[in-house]
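> predicted model follows, preceded by the sequence.
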Amino acid sequence: MCGIVGYLGKREAFPILIKGLRRLEYRGYDSAGVALINEAGGLNVYKTKGKVDNLVEYTSDKDKTGTIGIAHTRWATHGEPSAVNAHPHYSQSHNLAIIHNGIIENYADLKGKLIEKGVEFKSDTDTEVVVQLVEYIMNKKQLDLLTAVQVALYQVIGAYAIAIIDKRDPLQIIAARKQSPLVVGIGDGEFFLGSDASPIIEYTDKVVYLEDGNIAVLRLDKNRSENSGMELKVVSILGEEQELTVKKVDIDLGQIEKGGYPHFMLKEIFEQPECLTNCMRGRINVEADHVTLSALIDYRRQLLSAKRVLIVACGTSWHAGLIGKQLIESFCRIPVEVEYASEFRYRNPVVTKDDVVIAISQSGETADTLAAIQLAKERGAFIYGICNAIGSSIPRATDTGTYIHVGPEIGVASTKAFTGQVTVLTMFALALAEAKGTMARDEYIKVVKGLSEVPELIREVLKSNEKVADLARTFTYAHNFLYLGRGFSYPVALEGALKLKEISYIHAEGYPAAEMKHGPIALIDSDMPVVVIATHNTMYEKVLSNIQEIKARKGRVIALVTKGDDKIAKIADEVIELPDVQECLEPLVATVPLQLLSYYVAVCKGKDVDQPRNLAKSVTVE
Ligand code: M6R
């Protein structure tokens, strides 16, 4: 939540900051702002409500010069989205400017104390309190900026990634993090700062991921020529110097651009065959009928001895977890519980050292999932992570894990990450089952082979793109949708409903098909579209009866059927055909038309598909 960018170097900062904000806009887009120190030592802060485009328009006639600057795109927590509450925030003297991602929990207390000392606040945000506190400490104790930041952060309770500049020292940015990500990019005579590496990779592949509790000093010394006069120092809040690890980021620019598609979401839906191939590369060997996950080799004892698996995740990742439960239980015969990380962390759950906790997260930064990991760790569980964002906080907090390797996901609605997560969960369940000897060899081989064919099957499903687009036009009138599925298709129904509601703002519910008769059936009338996953599997006849029940009440059925099914085609209003696939692999193909359906409904309704209202891609607040 909230995107942070910074630049310190020899080029004009403004274009770099704006480009960076556009790359980070997926993290929040309520307002945007920039702070620049110009040649004359003036600190200019410009900010507007709404997206980065508004900021660009607003600043068209302003002084945008300066080779040092910080910029921010906001997802509002404290204070409504407005220009006043947008970041950066000045300190009272206008000497300092700050940007912040996270929540300062004790801001009201600190603010009250500063007001008593005569400090005047301009905004309703929790962020402003940090910059005012830093300035107050600097003045009162005659401290330099770094020391004042250390003293201030010592008093701050909460989560933050911050960057501060001081107009009296235009060669320095101070940045700090606690529970919110921050990356420093090291170029040739220039520094970059970002909430993730996406605003940086265009300029350098050398990065330092800041650790929790660290403060970074990015400094240029124009009189020094060695290392282009650059100095990067990292200290703890208590001032102890920290070791720096410079890493190489391996993201290519094309991965974070739209590549000719009108939206990132559509691009990411269409990328799935390639993404899943990448996800399985080096892990599935069809010739040898074998799945290899390095985590299962390196941590064989811990994973094999699990008496129970607990899956913690949020949103779409939680839906992937529900599929993981069915896979692990059926292949490995271990009990699995799936928990919303946000609930798990607050309810004193029973967790023991005999548990393996699987934490699933695309961003690797979800605050609730991180907190759930922390709790499980404290109780002795072994933690296995399934993440996409490389080097993010969750993979660093886990004991081991597997990256899904589907490339950066920019659209706020998760698509390729979901199929990537389910692919890794399938490989995990297969590898564990093989190691435990809980799966018949021929069944194991069949699933391994079937999984390796999934990218091709998704390619086939994507051919229904036009048909789904037409169908979406027919249903844009609807105010409610019901999604039904059974067994492996039930989480798919939940995921289809979530996709629709988050980008088209149509109310949608996912239900196990057989539960319909226990309540939701009352909702059905001729205005109610019901999406039913009715493929040819063990539940087919039962789901067919559910469809009859809906039709008897004049509901409009959109059925996902197995290619060649003419029984359902006769009774459903619309059918989308899916290739024949083993039941346990069905979620990987059945989800795709539902992603397309939600995408096209949202497009028809003129909604902002990639950046739906009120949402952000990575939820780093509770
Ligand atoms: O990054 P994570 O996978 O931890 O994110 C979890 C949820 O916030 C995320 O899946 C959210 O539900 C998406 N907007 C769904 O499309």
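Received, thanks. Small disclaimer: the values here were computed from a predicted structure and weren't measured.

> low-confidence ranges in the stretch 51-200 of the chain?
Counting by pLDDT under 70, the stretch 51-200 of the chain contains no low-confidence range.

> which residues in it form helices?
52-58, 107-116, 128-141, 145-155 (DSSP state H, counting those that start in this stretch).

> what does the stretch 401-550 of the chain put close to the ligand?
412-414, 498, 502 (C-beta under 6 Å from any ligand atom). Where you see a C-beta, it was placed from the backbone N, CA and C, and this is true even at glycine.

> most surrounded residue in those?
The most neighbours of any of these, using other C-beta atoms under 10 Å, belong to Ala413, which has 29 neighbours.

> excluding its backbone neighbours, what's nearest it?
Nearest residue to Ala413, sequence neighbours excluded (C-beta to C-beta, 6 or more residues apart in numbering): Ile503, at 5.1 Å.

> residue contacts, the one you found?
Applying C-beta atoms under 8 Å, 6 or more residues apart in numbering to Ile503 gives the contacts 265, 412-413, 598-599, 602, 607, 609, 612.

> can you flag the buried ones in those?
Buried subset of those (neighbour count, 16 or more other C-beta atoms under 10 Å): 265, 412-413, 598-599, 602, 607, 609, 612.

> ok, of those, which one's closest to the ligand?
Using C-beta to the nearest ligand atom, Ala413 is the member of the buried ones among the contacts of Ile503 that lies nearest the ligand, at 4.3 Å.

> contacting residues around Tyr261?
Counted by C-beta under 8 Å, 6+ apart, Tyr261 has contacts 267, 270.

> let's see it at 7 Å
For Tyr261, the contacting residues are Lys267, by C-beta atoms under 7 Å, 6 or more residues apart in numbering.

> and it, how far from the ligand?
18 Å (C-beta to the nearest ligand atom, to the nearest Å).

> what about the helices in the stretch 251-400 of the chain?
Per DSSP H, counting those that start in this stretch, the stretch 251-400 of the chain carries helices over the ranges 264-270, 272-280, 294-298, 300-304, 315-332, 341-344, 367-378, 393-397.

> closest one of the buried ones among the contacts of Ile503 to Phe14?
Val412 (26.2 Å; C-beta to C-beta).

> surely that closest one and Pro612 touch.
Yes: assessed by C-beta atoms under 7 Å, Val412 is found in contact with Pro612 at 5.7 Å.

> so the residue nearest to Leu232 when sequence neighbours are not counted is in which element?
Leaving aside its sequence neighbours, Leu232 sits nearest to Leu218 (C-beta to C-beta, 6+ apart; 6.0 Å). Per DSSP states H and E, Leu218 falls inside strand 214-220.

> closest to Ala435 out of the buried ones among the contacts of Ile503?
The closest of those, once distances to Ala435 are taken by C-beta to C-beta, is Ala413, at 35.4 Å.

> does that closest one really touch Lys499, like I thought?
Yes: between Ala413 and Lys499 a contact is recorded at 5.6 Å, counting by C-beta under 7 Å.

> for the closest residue to the ligand within the stretch 251-400 of the chain, give me the pLDDT.
Closest residue of the stretch 251-400 of the chain to the ligand, C-beta to the nearest ligand atom: Gly315 (2.0 Å). Gly315 is assigned 97 on the pLDDT scale.

> relative to Gly450, how far out is Ala469?
Going from Ala469 to Gly450 by C-beta to C-beta, to the nearest Å gives 29 Å.

> mind listing what's buried in the next helix-or-strand element following the strand holding Leu218?
Using DSSP H and E, the helix or strand that follows strand 214-220 in sequence is strand 230-236. Under the neighbour-count criterion of 16+ other C-beta under 10 Å, strand 230-236 has 230, 234-236 buried.

> got it, and stretch 297-316?
Quick answer for stretch 297-316 (16+ other C-beta under 10 Å): 299, 302-303, 306, 308-316.

> chain center to it: distance?
How far stretch 297-316 lies from its chain's middle: 21 Å, per C-alpha atoms, centre = their mean, to the nearest Å.

> pull the contacting residues for the nearest residue to Ile174 once chain neighbours are set aside.
Closest residue in space to Ile174, ignoring its immediate chain neighbours: Ile164 at 4.9 Å, by C-beta to C-beta, 6+ apart. Going by C-beta under 7 Å, 6+ apart, Ile164 touches 96, 98, 131, 134, 145, 149, 174.

> who's Ile164 bridged to?
Ile98, Ile174 (DSSP bridges).

> also Tyr340?
Assigned bridge partners for Tyr340, using DSSP bridges, are Ala313.

> wait, isn't it in contact with Gly315?
No: assessed by C-beta under 7 Å, Tyr340 is found out of contact with Gly315, at 9.1 Å.

> all strands for the stretch 401-550 of the chain, in order.
Under the criterion DSSP state E, counting those that start in this stretch, the stretch 401-550 of the chain contains strands at 480-485, 507-512, 529-533.

> tell me the mean pLDDT for the shortest one?
Across strand 529-533, pLDDT averages out at 96.

> name the residues that touch that strand?
So strand 529-533 is contacted by 475, 478, 481-485, 489, 492-493, 496, 513, 524, 543, 546-547, 550, 555-560, 590, 594 (C-beta under 7 Å, 6+ apart).

> surely Glu577 is in contact with Lys563?
Yes: using C-beta under 7 Å, Glu577 is in contact with Lys563, at 4.6 Å.

> more neighbours, those two?
Glu577 (20 against 11).

> please name the bridge partners of the more buried one.
Beta-bridge pairing for Glu577 (DSSP bridges): Val561.

> I'd like to know how far it sits from Ser489.
For Glu577, the distance to Ser489 - C-beta to C-beta - is 15 Å.

> try Val234
49 Å.

> repeat that for Ile98.
From Ile98 to Ser489 the distance is 48 Å (C-beta to C-beta).

> quick one, what contacts Ser91?
Ser91 makes contact with 131-132, 134-135, according to C-beta under 7 Å, 6+ apart.

> neighbours of the residue nearest to it when sequence neighbours are not counted, how many?
Nearest residue to Ser91, sequence neighbours excluded (C-beta to C-beta, 6+ apart): Glu135, at 3.8 Å. Number of residues near Glu135 (other C-beta under 10 Å) recorded here: 25.

> Glu135 touches His94, doesn't it?
No: counting by C-beta under 7 Å, Glu135 stays clear of His94, with 9.8 Å between them.

> so, low pLDDT: which residues of the protein?
Across the chain, residues meeting the criterion (pLDDT under 70) sit at 222-228, 621.

> Val561 contacts Val575, correct?
Yes: between Val561 and Val575 there is a contact at 5.1 Å, judged by C-beta under 7 Å.

> those two: which has the busier surroundings?
A direct count of neighbours by other C-beta under 10 Å for Val561 and Val575 places Val561 higher, at 24 against 21.

> dump the residue contacts of the more buried one.
534-535, 568-569, 575, 577-578.

> report the buried members of those residues.
Among the contacts of Val561, the ones that count as buried by 16+ other C-beta under 10 Å are 534-535, 568, 575, 577-578.

> for those residues, which one is nearest the ligand?
Using C-beta to the nearest ligand atom, Leu578 comes nearest to the ligand of those, at 21.4 Å.

> where's that closest one relative to Ser91, distance?
Using C-beta to C-beta, Leu578 is found at 59 Å from Ser91.

> repeat that for Pro335.
Separation of Pro335 from Ser91 (C-beta to C-beta): 55 Å.

> which parts of the chain sit against the ligand?
Residues of the chain lying near the ligand (C-beta under 6 Å from any ligand atom): 314-317, 361-363, 366, 369, 412-414, 498, 502, 615, 618-619.

> in stretch 466-476, what's buried?
Neighbour counts over stretch 466-476 (16+ other C-beta under 10 Å) mark 468-469, 471-472, 475 as buried.

> and those residues, which of them are in helices?
Using DSSP state H, the members of these that fall within helices are 468-469, 471-472, 475.

> ok, which pair from those is furthest apart?
Comparing every pair within these by C-beta to C-beta identifies Ala469 and Phe475 as the most remote, at 11.4 Å.

> many thanks, we can stop here.
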